[in-house]
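Visitor: any chance you could fold what I've pasted below:
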Amino acid sequence: MGKWEEDIAFDRQMQPYIDEIYYRLFGKDIIIDRSIVSESEIRKSFLDKEFSIDTTIFFENQSFITIQEKSRRSCYLGFNDFTFEYYSNRFSLKKGQWFKLASQLFFYGYVNENETGYTKFYLIDIVRLRLFLSKKTQGSITKKLKKNTKRASNFLPIKFDEIPEDCFLVSFDSLNEIFPKILFGYNKQQFFDELQSLDERLKQIEEKLAIQNKPLNLGDVIG
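Guide: Numbering: from 1, shown residues only. All right, here's what the predicted structure looks like:
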C-alpha cells in the first residue's frame with residue numbers, strides 16, 4: 001500500500017470518531033454527508049477536489065455547514081501546529097488548500113496513540129482564520145513555507161498558541177481539560193469566571209438546602 005492509500009485508509013478509520021464529536025456538538029439529529037472520490041458521486045468528488053470540502057452537516061431545518069477535516073497521528077503531537085497546505089505539488093505549482101479552501105469550518109485533530117479517538121482537536125472558523133492570516137502573513141508568504149518531506153506538497157505552519165481564540169468554535173485538549181470548551185464568542189478568562197460563578201452558586205444552594213434538610217434538584221440551580 002502506497003503513502004496516499006495509507007493516508008486515505010487512516011482518514012476513513014478515524015471518521016467514526018469525528019462523527020461522534022459532531023453528534024455531541026450538534027446533536028444526534030444531524031445528517032453527516034462526506035465527500036468521496038467516485039465517478040458515480042460527481043458532486044461529492046467535485047466539492048472535495050475543487051473546494052476542499054470533506055463533509056457537509058445537514059440540520060433538521062435543512063440548513064447546513066461545510067467542513068474540511070485533517071487527522072494527524074500521535075507522533076506529530078509535539079508540533080502543535082495547524083498546517084495550511086499551499087501547493088499540493090510544489091514542483092508543478094499545483095494549487096492547494098490555501099487557494100481553494102471554501103469550507104466554513106476546519107476540523108483539525110491529533111489522534112491518540114491507540115487511534116481510538118483524539119488527544120486534541122479544534123474546530124476552526126475559516127473566515128476568521130483567513131482574516132487573521134491576512135495580517136500575520138503580510139509580504140512574501142513563500143519564505144514561511146515548509147516542505148512536506150513525504151510528499152510533493154508544501155505548507156504554512158501556524159502554532160495553535162498563536163491563533164486568536166475567536167478563530168476557534170471548539171477547542172479540546174484531553175491532557176488539560178475534562179470536556180471541550182465552546183470558545184466562539186468567549187475568551188478564557190470569561191469562561192473561567194462563569195465557571196467559578198456557577199460553582200459558588202451551587203455551594204450557596206447546597207448550604208441553603210442543608211439548613212432546610214432538602215435534596216438538591218435542577219430547579220434550584222437554574223431558578
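
Visitor: where are the low-confidence patches of the protein?
Guide: Per-residue confidence for the chain (pLDDT under 70) gives these ranges: 1-2, 4, 36-46, 138-139, 174-223.

Visitor: how is it divided into domains?
Guide: When the chain is parsed with automatic domain parsing, its domains come out as 3-186, 187-223.

Visitor: okay if I get those as a markdown table plus mean neighbour count?
Guide: Quick note: C-beta positions are derived from backbone N, CA and C, even for glycine. As requested, these are exported to a markdown table (neighbours: other C-beta atoms under 10 Å):
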| stretch | mean neighbour count |
| --- | --- |
| domain 3-186 | 15 |
| domain 187-223 | 10 |
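
Visitor: tell me the bridge partners for Ile31.
Guide: Assessed by DSSP bridges, Ile31 has beta-bridge partners Phe58.

Visitor: what about it, distance to Ile57?
Guide: If you measure Ile31 against Ile57 using C-beta to C-beta, to the nearest Å, the figure is 7 Å.

Visitor: do a quick rundown of the helices in this protein.
Guide: Read by DSSP state H, the chain holds these helices, from start to end of the chain: 3-26, 42-51, 97-100, 126-136, 188-212, 218-222.

Visitor: return the distance of stretch 102-116 from the chain's centre.
Guide: Offset of stretch 102-116 from its chain centre (C-alpha atoms, centre = their mean, to the nearest Å): 6 Å.

Visitor: over to stretch 49-58?
Guide: Taking mean C-alpha positions (C-alpha atoms, centre = their mean), stretch 49-58 and its chain are 14 Å apart.

Visitor: now swap in stretch 59-79 and tell me
Guide: 5 Å.

Visitor: now the terminal residues of that stretch, how far apart.
Guide: Stretch 59-79 stretches 35 Å from its first residue to its last (C-alpha to C-alpha, to the nearest Å).

Visitor: contact partners for Ile141?
Guide: For Ile141, the contact set (C-beta atoms under 8 Å, 6 or more residues apart in numbering) comprises 86, 156.
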